[in-house]
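J.: Show me how the following folds:
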Amino acid sequence: MWRLRTEIYTEAILETGTIECANVIIKITEFTEENSENWETTKQNFRLCDIFLIKDEKDILEAFAILYNEINCFIDRLSLVSYGKSGLSKILSIAPESVKLGEIFEIAVPQVYVERKTNNIALSNLKYDISLTSEQQRWERLLRIGLNSMSEEEKYISYYSLLEEIARHECQEFIITKCDKCNHEVNTGRKKTNNFIKTLLGKHGVDKKTMKNAEIIRNEIAHGGAKKDKSYFVDVARIGSNLEEICLIELEQRFGIDIINRLNIHVSDIPMFVHKLICISDKDCDFIESKHFSEPRFVKLQHTDESKFESQQTMIGVMHNGRPQIYDIAYPIILFPINKLEESVAYQNIGELYYIYKEQDSSIKFYLKALNIVESFGEKEAMAVCYTNLGNAYQQKNNKAEAKRYYQMSINLFRELNSPLAITVQNWLKEMNAQQSV
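T.: Numbers count the residues shown, from 1 in each chain. Got it, this is the predicted structure:
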């Protein structure tokens, strides 16, 4: 069962508890010392909100799309009933609800975690002495709403509305109707804002298909009717990213200002990193691989002084050591085996995974964990398997002496058990000796 874990803000204090709907289960929890570093400051108006997807869904990003829409619908209802402010403060992750020791699982976290080194803003940079019309002030307001919003749909509608406002103000072409009978033309007084927006988008390299999709999505967000699946949210992120960049460029040119900190991240897919991990203890997981589905791109604005921006740095979605940035409470619940023998099997599986990825030291570490357990129970067949795996790992590490030692120990036990595996390991040992003598 997938779990989308989020942090939500409420002006009214929301009670904790669980509700079940047709496709999801929603669980509201208080922040505590155990699940939040800043629990003293967050415990009043912030809640941990987990939404579980009941129906079976294999694709993690498809599941995210479903649950992301659900959390926004839940917050809409919360705002209505409480008649107060509420919102999505933070998306922590989407992952399975729980995983077992040694299990490989996927976790997706927001791609747009950014550590930025920004330039300071001088009052003179604002050029606030330049007076703006009421329409232009409205443009700035729409841009701010988009930049500050956590919702991709809210961002999208804010940026598209900004372009519509520019079109209504600057468009000089009007819609003309013609009588079918006499061909008399009448100026409706309504401007051809759609044509103006398409021209504006075309100037920035947006193709006709994307223009059409942009208008369709705008109408779907404003009037409803969209199927809120993965494809929909991919388009919202991709086209909304373009709209944001275009809005920034157009306002910069119209207001005659330089946008100082321009390292805003834009993505062309659902803005999430997807990581594959393995559970290695009751408290820890290790990364197998990490990927994101779209290359981040940066706002390409015209500015007057290149040197002002040389000191800016941006790190996307990863910490200084190259590992993904994931909060501790973002991980699923880790389930430990009910007995030691099951635990030893899990450690063997973990060791095998590290062996495949040629991380010999980690592989040996977990093979030894498994060996210690089975030796305490006197499980000879399991011990022989551990010896074999250790021999493989040491051979991969090019430590021939240790490899021979463990291979011989496994051969002795397999012979004692009358297992045909004794011959298999004996052949491996012969091959290794033959390679050494060459």
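
J.: Extract the residue ranges of the protein that are flagged as low pLDDT.
T.: By pLDDT under 70, the weakly predicted segments of the chain are 33-43, 111-118, 174-176, 178-179, 181, 184-190, 261-269, 291-325, 437-438.

J.: where along it do the helices fall?
T.: 39-42, 60-82, 123-126, 134-148, 152-170, 193-203, 208-223, 230-255, 340-356, 360-377, 380-396, 400-416, 421-437 (DSSP state H).

J.: Mind listing what's buried along the longest one?
T.: What it means is helix 230-255. Neighbour-count burial for helix 230-255, with 16 or more other C-beta atoms under 10 Å as criterion, is recorded at 230, 232-252. Using the backbone N, CA and C atoms, a C-beta is placed for each residue, glycine as well.

J.: wait, isn't Ala63 in contact with Lys55?
T.: No. Using C-beta atoms under 8 Å, Ala63 makes no contact with Lys55, being 9.1 Å away.

J.: Which of these two has more residues huddled nearby?
T.: Ala63 (24 against 11; other C-beta atoms under 10 Å).

J.: center of this protein - which residue?
T.: Nearest to the mean C-alpha position of the chain, counting by C-alpha atoms, centre = their mean, stands Met272 at 2.3 Å.

J.: so what's it closest to, chain neighbours aside?
T.: Ala108 (4.3 Å; C-beta to C-beta, 6 or more residues apart in numbering).

J.: residue contacts, the one you found?
T.: Residues near Ala108 by C-beta atoms under 8 Å, 6 or more residues apart in numbering: Ile60, Leu61, Phe64, Ser93, Ile94, Ala95, Met272, Phe273, Val274, His275.

J.: and the last one, how many neighbours does it have?
T.: For His275, the count of nearby residues is 23 (other C-beta under 10 Å).

J.: And the spatially closest residue to it that is not a sequence neighbour, how close does it get to Met272?
T.: Distances taken as C-beta to C-beta, 6+ apart place Ser290 nearest to His275, at 4.5 Å, with adjacent residues excluded. According to C-beta to C-beta, to the nearest Å, Ser290 and Met272 sit 11 Å apart.

J.: coming back round to it: you'd agree the residue nearest to the centre of the chain is up against Ile107?
T.: No. Judged on C-beta under 8 Å, Met272 makes no contact with Ile107 at a distance of 9.8 Å.

J.: Tell me the residues that contact both of the two, please.
T.: Ile94.

J.: mind checking which of the helices of the chain is nearest Asn23?
T.: Closest of the helices of the chain to Asn23 is helix 60-82, at 7.4 Å (criterion: C-beta to C-beta).

J.: Can you mark which positions in that closest one are buried?
T.: 60-72, 74-75, 78-79.
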